[in-house]
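S.K.: I would like to see how this sequence folds:
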Amino acid sequence: MRYLFLIVSFAFFSCQNKGIANINGLDTLRLKPRKVSSNTDDKVITGAEQTKEYLPLLKGKNVALVVNQTSVIGKTHLVDSLISLGVKVKTIFAPEHGFRGNHSAGAKVNSGIDEKTGIKITSLYGKNKKPTKEDLAGIDFVVFDIQDVGVRFYTYISTMHYVMEACSENNLPFMVFDRPNPNGHYVDGPVLDIKFKSFIGMHPVPLVHGMTVGEFAQMIQGENWLGEGKKCLLKVIKLKGYSHQTMYKLHIKPSPNLPSMESVYLYPSLGLFEGTNVSVGRGTPKPFEWLGRPGLSNGTTKYTPKKIIGVADDPPYEGKECQGILLTEFCNHYLLDSKQVYVDWLLLFYKSNKPENGEFFKTSSFDRLAGSDKLRLQIIEGKTSAQIRETWVDDLKNYEAIRRKYLLYEL
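M.R.: Numbering: from 1, shown residues only. Purely as a prediction, here's the structure:
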């Protein structure tokens, strides 16, 4: 299917057939339709579905799985499928948001026992983010099968890195069941400066890296990011019927606050706002589709974030009315030229910030999301989006050259 992006317009923009006043006289941001591949998600076969490719490797082995709610074969969870096929699943490693995907962003994930299967669940988003030697005792094979969305600060690739590192240190084979990247059709954004390395950005890659988790695993290993001399026995069960232009619809939300394809497509640009005083709609039915804050005079609609256990435990501006815009309802649906991170939205909100709103940037948080302090300083200096994007060009070219070495699918 060809999934429609949206012409995303802000109250600060004028939209086709709608006259909306601009702030500071800024011109309309016009987004053009992009050409979409004829490849569609009904042709894609995920790595997990290709049981004949990997069952011979897992038979008779004690297996650990790095999985969450997206780890399915059809409508059946991978854990249940493998058990039914005679695989000895001994341990489940749970990433951010937990094994069932019912923990809000940043919430501690506890270890425990899966009630359905009785299998031990070991948290990789609590005291430890990397499996210990004790966690891997008696394990013969580790499998990673989690749906990613292709953005550097989405933490599943960081979890994968640490598991690969643990496998290399314990001489364990590591296998990735590959899944499509819904934002895999482009590469954009600032490249991380390693001095700003954190769990929401561990690798010197752009904000939108344009790789599947299988390709990314190959890059982690090939670029020696596990540490000099560290290698794990890596195998990727490749996708079938996929290219980087395939428009793939996620049938299970990859995390609590990405419930729609619109939120997934907007996430690369709106995620940066989490390092500012702007709400992206956490605590509403449409997170990562809103932009707003209390007292925004140019907002076209209102919303009030509320606590939603397991989704938004402590949302910004909880209980306070925010003025802003629901990006996905502001204009008619069009295919969005999504091959960029939209800095314009940051610039407009920064310029509209008033003293009573307090500081616009949460400095440490924003810099970690952006991958350095450069973007924040450029915005403060009054650089235009074109000037900011120009500073990314050389780094992106260098990254593209590295990326090509690890691609498994056609661009």
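
S.K.: Distance from the helix or strand of the chain with the lowest mean pLDDT to the middle of the chain?
M.R.: Least confident helix or strand, the chain: strand 112-113 with a mean of 87, by mean pLDDT, DSSP states H and E. Mean-position distance between strand 112-113 and its chain equals 26 Å (Cα atoms, centre = their mean, to the nearest Å).

S.K.: strand partners of the next helix or strand after it, parallel vs antiparallel please.
M.R.: Toward the C-terminus, strand 112-113 is succeeded by strand 120-123 as the next helix or strand (DSSP states H and E). When pairs are called by DSSP bridges, strand 120-123 turns out to pair with strand 88-94 (parallel), strand 112-113 (antiparallel).

S.K.: How about the contacts made by the nearest residue to Asn224 once chain neighbours are set aside?
M.R.: In space, and not counting its chain neighbours, Asn224 is closest to Lys230: 7.6 Å by Cβ to Cβ, 6 or more residues apart in numbering. Placement of C-beta: from N, CA and C, glycine included. Going by Cβ atoms under 8 Å, 6 or more residues apart in numbering, Lys230 touches 165, 168-169, 224.

S.K.: What distance do you get for Val187 to Lys75?
M.R.: Look at Val187 and Lys75: by Cβ to Cβ, to the nearest Å, they are 33 Å apart.

S.K.: What of Ile83?
M.R.: From Ile83 to Lys75 the distance is 16 Å (Cβ to Cβ).

S.K.: Pick out whichever of these two has more residues nearby.
M.R.: A direct count of neighbours by other Cβ atoms under 10 Å for Ile83 and Lys75 places Ile83 higher, at 14 against 7.

S.K.: bridging residues for the residue nearest to that one when sequence neighbours are not counted?
M.R.: Nearest non-adjacent residue to Ile83, counting by Cβ to Cβ, 6+ apart: Val89, 5.8 Å away. Taking DSSP bridges, one finds Val63 as the beta-bridge partners of Val89.

S.K.: from now on call the first residue 7
M.R.: Shifting the count to begin at 7 puts that one at Val95.

S.K.: and stretch 138-148, how far apart are its ends?
M.R.: In stretch 138-148, first residue to last residue: 13 Å (Cα to Cα, to the nearest Å).

S.K.: shaky segments in the chain?
M.R.: 7-48, 107-115, 335-344 (pLDDT under 70).

S.K.: Let me see the ranges of the helices in the stretch 157-306 of the chain.
M.R.: With helices called from DSSP state H, counting those that start in this stretch, the stretch 157-306 of the chain shows them at 162-175, 219-228, 267-276.

S.K.: Just send those back as JSON lines, with distance to Tyr415 too.
M.R.: Formatted as JSON lines, the helices of the stretch 157-306 of the chain follow (distance: least, Cβ to Cβ, whole Å):
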{"stretch": "helix 162-175", "distance to Tyr415": "17"}
{"stretch": "helix 219-228", "distance to Tyr415": "8"}
{"stretch": "helix 267-276", "distance to Tyr415": "19"}
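
S.K.: right, and those - which one's nearest Thr310?
M.R.: helix 267-276 (18.8 Å; Cβ to Cβ).

S.K.: Restrict the closest one to CA atoms and write it as PDB.
M.R.: C-alpha atoms of helix 267-276 as PDB (Å, rounded to 0.1, in the frame of the first residue of the first chain):
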ATOM      1  CA  MET A 267       2.100   5.700  11.400                       C
ATOM      2  CA  GLU A 268       1.700   9.500  11.400                       C
ATOM      3  CA  SER A 269       3.500   9.700  14.800                       C
ATOM      4  CA  VAL A 270       6.300   7.300  13.500                       C
ATOM      5  CA  TYR A 271       6.800   9.600  10.400                       C
ATOM      6  CA  LEU A 272       6.800  12.800  12.500                       C
ATOM      7  CA  TYR A 273       9.000  11.400  15.300                       C
ATOM      8  CA  PRO A 274      12.400  12.200  13.800                       C
ATOM      9  CA  SER A 275      11.500  15.900  13.700                       C
ATOM     10  CA  LEU A 276       9.300  16.200  16.800                       C
END
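
S.K.: chain center to that helix, what's the gap?
M.R.: Distance, stretch centre to chain centre, for helix 267-276: 9 Å (Cα atoms, centre = their mean).
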